[in-house]
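Novice: Kindly generate the corresponding structure for this input.
(chains A and B)
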Amino acid sequence: MGQKPAGEPPEDGEKRMSSERDTPFVTDDTQVQTDTRDARMTGGGADNRFNSKLREAFGSSPFILTKFDQFMNWVRGSSMFMLQFGIACCSIEMMHTYSVKHDLDRFAAGVPRASPRQADVIIVPGTIVSKFAPRMKRVYDQMPEPKFVVGMGSCTISGGPFQEGYNVIKGAEEVIPVDIHVPGCPPRPEALIYGVAKLQQRIAEGESSPVTVKPYELEQFNDLERDEIVEKLADQIDEDDLVMRYNWADSP
Amino acid sequence: MSLEEPTPEDGAVEVLPTTGDEIAELLGDLVVDREEHVNAPGFVIRPDTVQETLRRLRDEAGFDHLSCVTAEEREDRYESIYHLTSFDDRQREASVIVPTTKDDPVSESAEPVFRTADWHEREAYDLIGIDYDDHPDLRRILLPDTWQGHPLSQNYDQDRPQIVTLKEWENPLADDHREEEGDTMYVNIGPHHPATHGVLHVKTVLDGEQVADVDPDIGYLHRCEEQMCQTKTYRHQIMPYPDRWDYASSGLLNEWAYARAAEDLNDIEVPEYAQIIRTMGAEFCRIASHMLAVGTFALDVYGDFTAIFMYAMRDREKVQSVLEELTGQRMMFNYFRLGGVVWDLPEPREDFFEMIRDYLDELPQAVEEYHDLITSNEILQARTIDTGVLPPEVAKSYGATGPVARGSGIDYDLRRDDPYGYYDELEWDVITEDGCDNFSRLLVRLREVEESAKIIEQCLDLLEDWPEDERNIQANVPRTLRPDDDTEIYRAVEAAKGELGIYIRADGTEKPGRFKIRSPCFSNLQTLPEMSTGEYIPDMVASLGSLDIVLGEVDR
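Specialist: Now for the predicted structure:
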């Protein structure tokens, strides 16, 4: 291999990693603002930590007036807990979006939570098939309100390249409401970040997709209309089991 | 049965039967008819002699690797094809064809001879509808239990409604004792769980902290890849799909599996220059895939988005930038074409070469970093050494390949044993480790990254010196390909996870009559119960991570 000996510095300075730097990490003390620290240490002078520029602008009042709704929406959009939810190819790009280089955390949305009960955004990254749709619906139901959905990739829009498959749900919208669709197969991390930023904008403006009845819902088996297939399965499925019924012929 | 039973002593130095006639002589009356596949001689047998035939081939002819079981429905019959080969000599192949009648498709199961047949036959039952006698547990594997019809059979109506239950999702606390008297607890792991690498569902029965029983339930990402390929044309339309089988950046390796089968089927000769580009691209994919495996394995064992995961992602980003320069895509490359690749290296070539050289220069240090962080870490060693033990005989019986087999000391790598591309012209080694445990599998992957870098470097030297007027990236391939009716081929390549095989039966049109994918992860995942039963549950999670499965490829 063309590997250089370890001691020899690489020619290109930009490509070095921090661990390779010869000089230790030194901060320049003169650039640090020390007013507050000095005030504390000497005991003299006013500690005006709380007298921000903003405070000066508002005069003596310590209050900022805003609508509570608006404030809450701003908070929601600025601190989103994502569900750690991988389905297919897109989840690899989603992992790249979370980790180094793209770092979704810069946009206040980089905390993947493993439990749906701690999450408020679910990114649906991949093809949804008949066996998985009821589980995804259940995971979505377990998330606390208010919750938002980002559909990642063509499969969550229409089934994507697998649309003609006998087992493939023609888009996440058939099962759960989707706020943002990010097209691509798979979308680049930049595209997903743009989708998340758009979602934050929508949340800040107080918009979200209406929760409506979807074509494929979880129902109790005995609530289904009695037809040929229901009769046939009657001895296999308990009456109060939850089931999802797929009408492929009506799918888009 | 005209043959004498050979005694164990005299079989040692005998030459094993390899040609069609020799094997037919060994099988004697069992063979009712002969067929010729492009890759191997085919022997038609009666459906009630499957076990006898396979046992004789395994014990007396050294065919110890049941690579794949293909089932299909023909005009007048159902067929199960057992693709046999040998771990010691991959180029010896044989196909055993078991036809059954249309009205009573019952065939004897091969499970008592080869354990791997268990899942393969369940899949054949699920998708085609063939019944296997003597099978220990014949139920659906990819589709839900309540599914109506067998989707790859001929008269399947795709528009009929289906009902799927949420039963497997039962609250485990409601009825947590599987046995009335016992103290075991039933736990669902997945299909939405961070440790399952996607949408795998592991039904686990625990006795305290020990695993009493584990049953991987797959099919949560079964997106009809075989149906998709059967409805697309050979020339251009199939190639995008392989990228999506094993989507952990192994795209080019998967594309090569299809390209190899289809090129051999159509007698297409790939120019040498294109082979070198393919080899180089494929090894980059292998590095990216192994990096993900190492990163997520550390994630499973240490349990958080720690530095190792981020480092692995950082190194993957570098590989992806190189691949993006080459193919124009980060993940779904669609770069191979039958007979070559779609375009030459990017211009200016010097910059591209320099980019790769820079990457290769940094790689040894990165690998060293992984060894510092992972393999020489006492905690990880305590967690992985001697856990998830998979003895070589068991691995062979389950058809495990790739790093899983090589971590159990099986010296088997298709790049060397059944050479394709440019591998046989290059200097590199097949990595094996004898530990048979989770640690060995991890070590194999890290060492394979270094081997891949060796291959890339040699390819790079060749590409740099290649004369400008001989840069031929594409063979002359007709616009429409129509292989002769009834030609059959099974070809495999060494993908990142192991032996990725493609079976194609041509039916005289521009689309395949049957397209079957032999996925390495599917066979590797089958070994999970062997590795984890009786072990502690955290070791089960580590074993699952060390298998490095990608559900897109398991379920297809």
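Novice: Only C-alpha atoms from now on, for both contacts and neighbour counts.
Specialist: Fine.
Novice: Residue 192: neighbouring residues, count only.
Specialist: In the absence of a named chain, this looks at chain A. Look at residue A:192: counted by other Cα atoms under 10 Å in any protein chain shown, it has 27 neighbours.
Novice: To clarify, I was referring to chain B.
Specialist: The tally of other residues near residue B:192 (other Cα under 10 Å) stands at 24.
Novice: Return the distance of it relative to chain A.
Specialist: Distance, residue B:192 to chain A, by Cα to the nearest Cα, to the nearest Å: 7 Å.
Novice: again, but for residue B:277
Specialist: Remark: distance between residue B:277 and chain A (Cα to the nearest Cα) = 19 Å.
Novice: That residue should be in a strand, yeah?
Specialist: No - read with DSSP: H, G, I helix; E, B strand; the rest coil, residue B:277 is helix and lies in no strand.
Novice: Could you pull up the residues touching it?
Specialist: Residue B:277 makes contact with B:341, B:459, B:463, according to Cα atoms under 8 Å, 6 or more residues apart in numbering or on different chains.
Novice: before we move on, what about residue B:327?
Specialist: Applying Cα under 8 Å, 6+ apart, one finds that residue B:327 lies in contact with B:333-335.
Novice: returning to what we had before: which ones among the contacts of residue B:277 lie within helices?
Specialist: In this view, the contacts of residue B:277 that belong to helices under DSSP state H are B:459, B:463.
Novice: Now do the contacts for residue B:460.
Specialist: Residue B:460 touches B:280, B:353, counting by Cα under 8 Å, 6+ apart.
Novice: Residue B:94: neighbouring residues, count only.
Specialist: Neighbour count of residue B:94, defined by other Cα under 10 Å: 25.
Novice: cool, residue B:302 as well?
Specialist: For residue B:302, the neighbour count with other Cα under 10 Å is 16.
Novice: any idea how far it is from chain A?
Specialist: Residue B:302 is 15 Å from chain A, where distance means Cα to the nearest Cα.
Novice: In chain A, mark out all the strands, start to finish.
Specialist: For chain A, the strands defined by DSSP state E occupy A:81-83, A:111-113, A:121-125, A:148-152, A:180-182, A:218-220, A:242-246.
Novice: Dump those strands to TSV, plus mean neighbour count, distance to residue B:472 and mean pLDDT.
Specialist: Output for the strands of chain A, formatted as TSV (neighbours: other Cα atoms under 10 Å in any protein chain shown; distance: least, Cα to Cα, whole Å; pLDDT from 0 to 100):
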stretch	mean neighbour count	distance to residue B:472	mean pLDDT
strand A:81-83	22	48	89
strand A:111-113	18	47	81
strand A:121-125	25	39	91
strand A:148-152	25	38	92
strand A:180-182	21	38	93
strand A:218-220	17	56	84
strand A:242-246	22	50	86
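Novice: Ramachandran coordinates for whichever residue of the stretch 351-500 of chain B sits closest to chain A?
Specialist: Nearest to chain A, among the residues of the stretch 351-500 of chain B, is residue B:361, at 5.1 Å (Cα to the nearest Cα). Per-residue torsions, residue B:361: phi -70, psi -40 (degrees, to the nearest 10).
Novice: and if you look at the one 4 residues further on?
Specialist: Backbone geometry at residue B:365, expressed as degrees, to the nearest 10, gives phi -70, psi -40.
Novice: Now do the contacts for it.
Specialist: With contacts defined as Cα under 8 Å, 6+ apart, residue B:365 has no neighbours.
Novice: And residue B:107, by the same measure?
Specialist: Counted by Cα under 8 Å, 6+ apart, residue B:107 has contacts B:47-48, B:50, B:98, B:100, B:130-133.
Novice: Just the pLDDT at it, thanks.
Specialist: Residue B:107 is assigned 90 on the pLDDT scale.
Novice: now swap in the one 4 residues further on and tell me
Specialist: If you check residue B:111, the pLDDT there is 89.
Novice: Would you check that it makes contact with residue B:117?
Specialist: Yes - using Cα atoms under 8 Å, residue B:111 makes contact with residue B:117 at a distance of 4.9 Å.
Novice: Strands of the stretch 201-350 of chain B, start to end?
Specialist: Using DSSP state E, counting those that start in this stretch, the strands of the stretch 201-350 of chain B run over residues B:201-207, B:210-217, B:336-337, B:340-341.
Novice: what does the longest one rub up against?
Specialist: Same thing as strand B:210-217. So strand B:210-217 is contacted by B:141, B:184, B:200-206, B:525-526, B:528-529, B:532-537, B:540 (Cα under 8 Å, 6+ apart).
Novice: repeat that for 6 Å
Specialist: Strand B:210-217 has contacts (Cα atoms under 6 Å, 6 or more residues apart in numbering or on different chains) with B:201-206, B:529, B:533-537.
Novice: likewise stretch A:204-216?
Specialist: By Cα under 6 Å, 6+ apart, the surrounding residues in contact with stretch A:204-216 are A:73-74, A:77, A:174-175, A:179.
Novice: residues near residue 99, how many?
Specialist: No chain was given, so I picked chain A. 20.
Novice: ah, no, chain B please
Specialist: Neighbours around residue B:99, by other Cα under 10 Å: 23.
Novice: again with residue A:210
Specialist: 9.
Novice: Could you give me the buried positions within stretch A:83-98?
Specialist: Neighbour-count burial for stretch A:83-98, with 16 or more other Cα atoms under 10 Å in any protein chain shown as criterion, is recorded at A:83-98.
Novice: If we check chain B, which of the residues you listed are in contact?
Specialist: Within the set of the buried residues of stretch A:83-98, contact with chain B (Cα under 6 Å from any Cα of the partner chain) is found for A:86-87, A:89.
Novice: JSON lines please, covering those and showing pLDDT.
Specialist: Below are those laid out as JSON lines (pLDDT from 0 to 100):
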{"residue": "A:86", "pLDDT": "85"}
{"residue": "A:87", "pLDDT": "88"}
{"residue": "A:89", "pLDDT": "88"}
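Novice: Give me the subset of those residues lying in helices.
Specialist: Secondary structure defined by DSSP H assigns residue A:89 of those to helices.
Novice: residues in contact with stretch B:543-554?
Specialist: By Cα under 6 Å, 6+ apart, the residues outside stretch B:543-554 that reach it are B:245-246, B:293, B:297, B:388, B:438, B:519, B:521-522.
Novice: Contacts only, for residue B:289.
Specialist: By Cα under 6 Å, 6+ apart, the contact set of residue B:289 is B:248-250.
Novice: distance of it from chain A?
Specialist: To chain A, residue B:289 is 11 Å away according to Cα to the nearest Cα.
Novice: For chain A, give me the ranges with low pLDDT.
Specialist: Scanning chain A for pLDDT under 70 picks out A:1-64, A:252.
Novice: where exactly do the helices run in it?
Specialist: A:35-42, A:53-58, A:68-78, A:89-98, A:133-142, A:154-158, A:189-204, A:228-233.
Novice: Include distance to residue B:276 when you put the ones you listed into a markdown table, please.
Specialist: Below are these laid out as a markdown table (distance: least, Cα to Cα, whole Å):
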| stretch | distance to residue B:276 |
| --- | --- |
| helix A:35-42 | 64 |
| helix A:53-58 | 64 |
| helix A:68-78 | 49 |
| helix A:89-98 | 27 |
| helix A:133-142 | 43 |
| helix A:154-158 | 33 |
| helix A:189-204 | 30 |
| helix A:228-233 | 55 |
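Novice: and of those helices, who's closest to residue B:283?
Specialist: Among these, helix A:89-98 comes nearest to residue B:283, with 18.9 Å by Cα to Cα.
Novice: contact partners of that closest one?
Specialist: Counting by Cα under 6 Å, 6+ apart, residues outside helix A:89-98 touching it are A:103-104, A:125-126, A:186, A:189, B:247.
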